[in-house]
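Student: Provided below are the primary sequence and the corresponding predicted coordinates.
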Amino acid sequence: MDSEAWEELFSACVAWLAAHGRRPDDVQPRNATERRLGTWLAHQSMLAGQGRLQTGRLLRLKEAGLGGTLRAKRRRESRSPAHGNDRTAGPGQGRPAGAVAAERQRPVSRYRRRRVGGFRMQDTVLRVPVALLNRVVELWYLVSPEGGALPGAAPEAIAELRGLLAEIDERYRVPLGMLARATGVNRSAYRTWLRRHPAGQQLPAPPSSAAAEAAEEAGAPLRGGVCRAGHPQRAENLVSDGRGGSRCGVCARERAQQQRVRESQGNPPTRRNAPWTMAEDRLVLVAETTDLELARLLHRTVGSIRARRAKLRRSVGDRI
């Protein structure tokens, strides 16, 4: 842009903002001319941020009070700062070598792993709006028995939660484990709930509280129907999972019986031949009791015993 056109736009912008007596960011354009001036001022800010705006024009904008959003190109400091020997370096002749060596012992901030809430800067969950994550957690506590909800969950809330999970997966590409860490909900609980309520399933209308209590006393299946093995999820079949939720007691008893038969045959479970993970192994012991407080205590006790044994094996192996 030539000097005459720039001066014309500069004078018009000064007159426009002087009529309002406010900063450029606080002025809302009312017509096409004012929108053109606002766009021109934003373009000057972009050029100044990239270091491409002429110094004279930058100074003129700052003197006119339009430099609130303008900034010159920031100069980076040298990666190898000047330093000299402690015996020869005087004041103003560089930095002493001892100070430079002490600074180099700890890494510079640009080389550190920058994390936000335990997540790396390149993790996709940081792109998800916070309001969307809060809504997912709110819906989870409304529809999930593990979250403390009643058996009669509204189909509208279930459909909204399923839609939000699909949006987070398709639009933001967030893995299920990362979403579970961000929302504080266990990943297996997400998977269990999604498997229990597939996308094409038509859920019945939520019964009233009196009808739900009568059905529970009569031993009718609760909301959710059956477990993965096909057992009806009645109230007397549910046992604690050690995390404040519930799981199928029939499956837990069958798994415990298979474990007893396997141990009687001289084939104790190991990491190779065990059909479940260590977490499920702890849940088998928890499932044998129906007292919730006792189950939680047993869950913590078994976990601490296994942790101490593993630590002891590692320490003994190191000494050997």
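Tutor: Looks like it came in fine.

Student: pull up the distance across stretch 43-58, start to finish.
Tutor: Counting by Cα to Cα, to the nearest Å, you get 12 Å between the two ends of stretch 43-58.

Student: let me redo that: stretch 165-185
Tutor: OK, stretch 165-185 end separation, Cα to Cα: 13 Å.

Student: these two touch, right, residue 128 and residue 169?
Tutor: No: the pair residue 128 and residue 169 fails to qualify as a contact (Cβ atoms under 8 Å) at a distance of 10.7 Å. Every C-beta, even on glycine, is put in place using the N, C-alpha and C of the backbone.

Student: more neighbours, those two?
Tutor: Between residue 128 and residue 169, residue 128 has the larger neighbour count (other Cβ atoms under 10 Å), namely 20 against 13.

Student: show me what contacts that one?
Tutor: Residue 128 is in contact with 168, 172, 174, 182, counting by Cβ atoms under 8 Å, 6 or more residues apart in numbering.

Student: look up phi and psi at it.
Tutor: phi -80, psi 130 (degrees, to the nearest 10).

Student: quick one, domains of this structure?
Tutor: Listed domain ranges for the chain are 3-63, 119-196, 225-316 (source: automatic domain parsing).

Student: and these, which one's lowest on average pLDDT?
Tutor: Lowest mean pLDDT within the domains of the chain: domain 225-316, a mean of 61.

Student: returning to that earlier point: put the buried members of the contacts of residue 128 into a ChimeraX selection.
Tutor: Here is the ChimeraX selection string for the buried members of those, based on 16 or more other Cβ atoms under 10 Å:
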select :168,174,182
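
Student: now secondary structure too, for the contacts of residue 128, in a markdown table please.
Tutor: What follows is the contacts of residue 128, written out as a markdown table (DSSP: H, G, I helix; E, B strand; the rest coil):
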| residue | secondary structure |
| --- | --- |
| 168 | helix |
| 172 | coil |
| 174 | coil |
| 182 | helix |
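
Student: what is the burial count for residue 137?
Tutor: That count, for residue 137 with other Cβ under 10 Å as the rule, works out to 14.

Student: nearest spatial neighbour of it, chain-adjacent residues omitted?
Tutor: Leaving aside its sequence neighbours, residue 137 sits nearest to residue 183 (Cβ to Cβ, 6 or more residues apart in numbering; 5.0 Å).

Student: quick one, phi/psi of residue 174?
Tutor: Backbone geometry at residue 174, expressed as degrees, to the nearest 10, gives phi -100, psi 120.

Student: quick one: contacts for it?
Tutor: Contact analysis of residue 174 by Cβ under 8 Å, 6+ apart lists 124, 125, 128, 168, 182.

Student: residue 66 now?
Tutor: Neighbours of residue 66 in contact, by Cβ under 8 Å, 6+ apart: 13, 14, 17, 24, 41.

Student: is it true that it lies in a strand?
Tutor: No: in this structure, residue 66 is coil, not part of a strand, as judged by three-state DSSP.

Student: format the contacts of residue 128 as CSV; extra columns: distance to residue 252.
Tutor: Formatted as CSV, these follow (distance: Cβ to Cβ, whole Å):
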residue, distance to residue 252
168, 32
172, 36
174, 32
182, 30
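
Student: out of the contacts of residue 128, the closest to residue 34 would be?
Tutor: Using Cβ to Cβ, residue 172 is the member of those that sits closest to residue 34, with 36.5 Å.

Student: assess the claim that that closest one and residue 126 are in contact.
Tutor: No: look at residue 172 against residue 126 with Cβ under 8 Å: they stay out of range, at 9.4 Å.

Student: present the contacts of residue 174 as TSV; the columns should include distance to residue 35.
Tutor: Compiled in TSV, the contacts of residue 174 are given as follows (distance: Cβ to Cβ, whole Å):
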residue	distance to residue 35
124	35
125	37
128	32
168	36
182	39
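
Student: just the buried ones from the contacts of residue 66, in PyMOL syntax?
Tutor: Of those, the buried ones can be selected in PyMOL as follows, counting by 16+ other Cβ under 10 Å:
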select buried, resi 13+14+17+24+41
